[in-house]
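**Student:** sequence first, then the predicted structure:
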Amino acid sequence: MASVWPSRSSTVVKKSRVLVPGTLVPPTLALSSSSRALTTVTWVALPCGCMIPVTTTGSTVLSGAVGDYGGNHGDLSPGSAGLPTDFYYGGNGTGTIISSRARCNGALPRDWIDRIGHKDVTDGLSNTFLAGEMHVPVGKLGQSPEDAFIFNGDHVFNFSRVGGPTVQIVSDKRSTGNSLVAWGSWHPDVCHFAMADGSVRAFATTLNTDMLGRLCNRSDGQIVAMGE
């Protein structure tokens, strides 16, 4: 069986903090509320041009742990025009930890169809992101959708980010423009990533977006030499 990265192993859970008046979050866990879509979905255009579905009504509130790091869902090459081929739909991600279609038995999901293993990272494990710091604007910690809980599979940006042309690493921690999709850190001038080979590297927030996209895409044939 091909090796597959468990998405939970890439998660770094945030420190304890109070999110609801009078309610203390247990140590090593911080909670966020999010919603599970039941009826209405609104398509919202981000400054980068991405069209993303946001549930606004007819939903059930769910809560769970949030994370500083998210999986690499890839770049925007599959498109983001509100089509079934868009990058955020199951199986379309070009990264290493992506959304997947469910393999169902009757009406119940039993397994994942779209599994990414080492053999799928043809650009090289040392040249491809596995996970990285997710940009969350100041004032949005623990708030959905910017910092929603990572184990809710309904929304791809709860657990992952993308990068490349039009979606650069965020350098201003107060920026709200592409906060749902972009990498970013509160560390000055750098953003930390775990590579698919297990190494950890800090990249400048000024990293060229073409290079960023190549690091996010596991198999575009555009191999990045770390000395570039």
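**Tutor:** Nice, thanks for sending it over. Numbering: from 1, shown residues only.

**Student:** wait, Asp189 touches Ala202, no?
**Tutor:** No. Contact status for Asp189 versus Ala202: not in contact, 9.1 Å apart, counting by Cβ atoms under 8 Å. (Glycine included, C-beta is placed from N, CA and C.)

**Student:** which of the two has more neighbours?
**Tutor:** Between Asp189 and Ala202, counting by other Cβ atoms under 10 Å, Ala202 is the more crowded of the two (13 against 10).

**Student:** distance of the closest residue to that one other than its chain neighbours from Asp220?
**Tutor:** Of all residues beyond its chain neighbours, the one nearest Ala202 is Val190 (4.3 Å), with distances taken as Cβ to Cβ, 6 or more residues apart in numbering. Taking Cβ to Cβ, to the nearest Å as the measure, Val190 and Asp220 are separated by 24 Å.

**Student:** gap between the most centrally placed residue in the chain and Phe87?
**Tutor:** Within the chain, the residue whose C-alpha comes closest to the C-alpha centroid is Ser160; the distance, by Cα atoms, centre = their mean, is 1.0 Å. Per Cβ to Cβ, Ser160 is found 10 Å from Phe87.

**Student:** which residues do the two both contact?
**Tutor:** Taking Cβ atoms under 8 Å, 6 or more residues apart in numbering as the criterion, Ser160 and Phe87 both touch His73, Gly93.

**Student:** residues touching the residue nearest to the centre of the chain, list them.
**Tutor:** Gly70, Gly71, Asn72, His73, Gly93, Gly95, Ile97, Ile98, Ser99.

**Student:** count the neighbours of the residue nearest to Ala202 for me.
**Tutor:** By the criterion of other Cβ under 10 Å, Val190 has 17 neighbours.

**Student:** surely it is in contact with Arg201?
**Tutor:** No. Using Cβ under 8 Å, Val190 is not in contact with Arg201, being 9.5 Å away.

**Student:** not counting its neighbours along the chain, what's nearest Ser77?
**Tutor:** Closest residue to Ser77 in three dimensions, ignoring its sequence neighbours and counting by Cβ to Cβ, 6+ apart: Thr94, at 6.0 Å.

**Student:** the one you found should be in a helix, yeah?
**Tutor:** No. Assessed with DSSP: H, G, I helix; E, B strand; the rest coil, Thr94 is coil; it does not lie in a helix.

**Student:** got a list of what it touches?
**Tutor:** If a contact means Cβ under 8 Å, 6+ apart, then Thr94 has His73, Gly74, Asp75, Ser77, Pro78, Phe87, Cys216, Asn217, Arg218, Ser219, Asp220 as its contacts.

**Student:** check the gap between it and Ala131 for me.
**Tutor:** Thr94 sits 15 Å away from Ala131, going by Cβ to Cβ.

**Student:** wait, His135 touches Ser179, no?
**Tutor:** Yes. Taking Cβ under 8 Å as the contact criterion, His135 and Ser179 are neighbours in contact, 5.6 Å apart.

**Student:** of those two, who's got more company?
**Tutor:** In this comparison of His135 against Ser179, neighbours counted by other Cβ under 10 Å, the higher total goes to His135 at 29 against 21.
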